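Q: below: sequence and its predicted model.
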Amino acid sequence: MHISEGILSLPVLAGGGVVAAAGVAIGLKKLDYEHIMSTALLSSAFFVASLVHVPIGPSAAHLILNGLVGLILGWAAVPAIGVALFLQALLFGFGGLTVLGVNTVIMAGPAVVVYLLFGSWIREGGRKQLVGGFLAGSLAVAMSGILVAIALIGTDEAFMKTAQLILLAHIPIMIIEGVVTMFTVSFLSRVQPEILAISKS
Amino acid sequence: MRTILHASVPVHVVVLLGALLLFHEAAYAHGIRVFAYTSGPEIIVEGKFSSGRATINSKVKVFSDKSGKLLVEGRTGKDGVFTFARPRTGPDEGLKIVLVAGEGHQAQWTMTPEDLNEEPMVAEPAPAPAESSPEQPAPVPAAPPVKAAGTPPAQAIDTSALAELVSRSVAREIAPLKRMMMEEMNRGPSMTEIIGGIGWLVGIAGLLAALGALKKK
């Protein structure tokens, strides 16, 4: 779901940059010393996840894991995802440096939203935790898809059509991410519950 | 530092990371690349996802890099290839080839005027006589001129036809090589880059942690 360089207009790029910078600032402020390493590891997970492809018919989509990163890190997901995207642009040529802000908003925005919606659910345990994990994983992908379509308004791709295409193409990924996030969260809550409390502080 | 590691490094995230790396063998991703090369009178454009999969039925737009005018437009076929006749371009005019794969995927390839004007057909006949003349005066001054006077007309026809033939077959033979080179240049992420990226992330975290530790003191 990386938007390539040379597609978006300057105002969209600048707007994305400003929002992303604000998010990174909030995230860094909320990130405390004890959790820097966990943040880096989740950032690495996000960095690598884009290389894991899931074949869907003739097409293929990759894992995103922004829901998981958001649930665990909260606002700190913004710098974590932003840095990972920066390195993906630099090393892999995914997206690009000028689109970095917009791509950060696309991926990290939903991460923060699912944290705000489901963050408390996953700390409660039980069924609510499982449902929260699944919804966070899948909705984060869906929201990213919608954000891509919104960012592409003003290019020659019509919003509704693009949004539909992206959402349709990502339905399998949404399910997979939901399941992965659900199991990861429930696993972490059993063996290392303090990780799930990272974003609380 | 020890407390950090002890308190919050999620071992399971490390495991997850390892698992993701294992998947890399079959990994695809959605970086997108386009490259183009000449093959005789045609230009061949190929689109690929960074995984190596062809971009099927994607829009290709060819612009003049000088005037920005749209010269050719088309779509890639099942193999991700779009072929078009070489458009007429000025001596210092190149082509900008844009591949649009939809949903925010786009890539660009530039062909410089040198890339376009590599036909050797026009000025070819000249070197042949030039080659023979400097060597001959010393060893045999009288005999060769007679021979040379008799043969050139017949040879001249042959050479121009030959030159064209050679340049065409060379173009055909070279095309796959050009393709390989372009593909090599356009490779998807390698293991080195992936591990390097993770190294960067851990390094940045280490730096932040070190700064935090200084502040704490």
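A: Right, received. Where do you want to start? What you see is a predicted model, and the numbers here were worked out from it, not measured in a lab.

Q: in this structure residue B:102 contacts residue A:166, no?
A: No. In terms of CB atoms under 8 Å, residue B:102 does not count as a neighbour of residue A:166; the distance is 9.3 Å. C-beta coordinates here come from the backbone N, C-alpha and C atoms, glycine included.

Q: pLDDT weak spots in the chain?
A: Chain wasn't specified; assuming chain A. Scanning chain A for pLDDT under 70 picks out A:54-60, A:157, A:199-201.

Q: try again with chain B
A: For chain B, applying pLDDT under 70 flags the ranges B:1-31, B:50-52, B:117-157, B:185-188.

Q: report all helices and strands that the lengthiest helix in it contacts.
A: In chain B, with assignment by DSSP state H, the single longest helix is helix B:152-185. On a contact count with 3 or more CB pairs under 8 Å, 6 or more residues apart in numbering or on different chains; DSSP states H and E, helix B:152-185 meets strand B:32-39, strand B:42-49, helix B:127-135.

Q: residues contacting residue A:4?
A: Contacts for residue A:4 (CB atoms under 8 Å, 6 or more residues apart in numbering or on different chains) come out as A:95-96, A:99, B:32, B:104-107.

Q: so where do the strands sit in chain A?
A: Counting by DSSP state E, one finds strands in chain A at the ranges A:53-56, A:59-62.

Q: now residue B:90, nearest residue through space, not along the chain?
A: Leaving aside its chain neighbours, residue B:90 sits nearest to residue B:66 (7.0 Å; criterion: CB to CB, 6 or more residues apart in numbering or on different chains).

Q: now do the longest helix of chain B against strand B:42-49, angle only.
A: Calculated by axes from the mean of the first three to the mean of the last three CA atoms, to 10 degrees, helix B:152-185 forms an angle of 10 degrees with strand B:42-49.

Q: following helix B:152-185, which helix or strand shows up next?
A: Heading C-terminal from helix B:152-185, the first helix or strand you meet, by DSSP states H and E, is helix B:191-216.

Q: buried sites along that next one?
A: Counting neighbours by 16 or more other CB atoms under 10 Å in any protein chain shown, one finds that the buried residues in helix B:191-216 are B:193-194, B:197-198, B:200-201, B:204-205, B:208-209.

Q: looking at those, which is nearest chain A?
A: Among those, residue B:205 lies closest to chain A (CB to the nearest CB), at 3.2 Å.

Q: can you mark which positions in stretch A:118-126 are buried?
A: Result for stretch A:118-126 [16+ other CB under 10 Å]: buried residues A:118-119, A:121-123.

Q: can you tell me which of these is closest to chain B?
A: Among these, residue A:122 lies closest to chain B (CB to the nearest CB), at 14.2 Å.

Q: residues in contact with that closest one?
A: Residues in contact with residue A:122 (CB under 8 Å, 6+ apart) are A:71, A:128-129, A:132-133, A:136, A:185, A:189, A:196.

Q: how deep is the residue lying closest to residue A:9 once chain neighbours are set aside tucked in, by neighbour count?
A: Counting by CB to CB, 6+ apart, residue A:9 lies nearest to residue A:154, which is 5.8 Å off, once chain neighbours are set aside. Per other CB atoms under 10 Å in any protein chain shown, the neighbour tally for residue A:154 reads 13.
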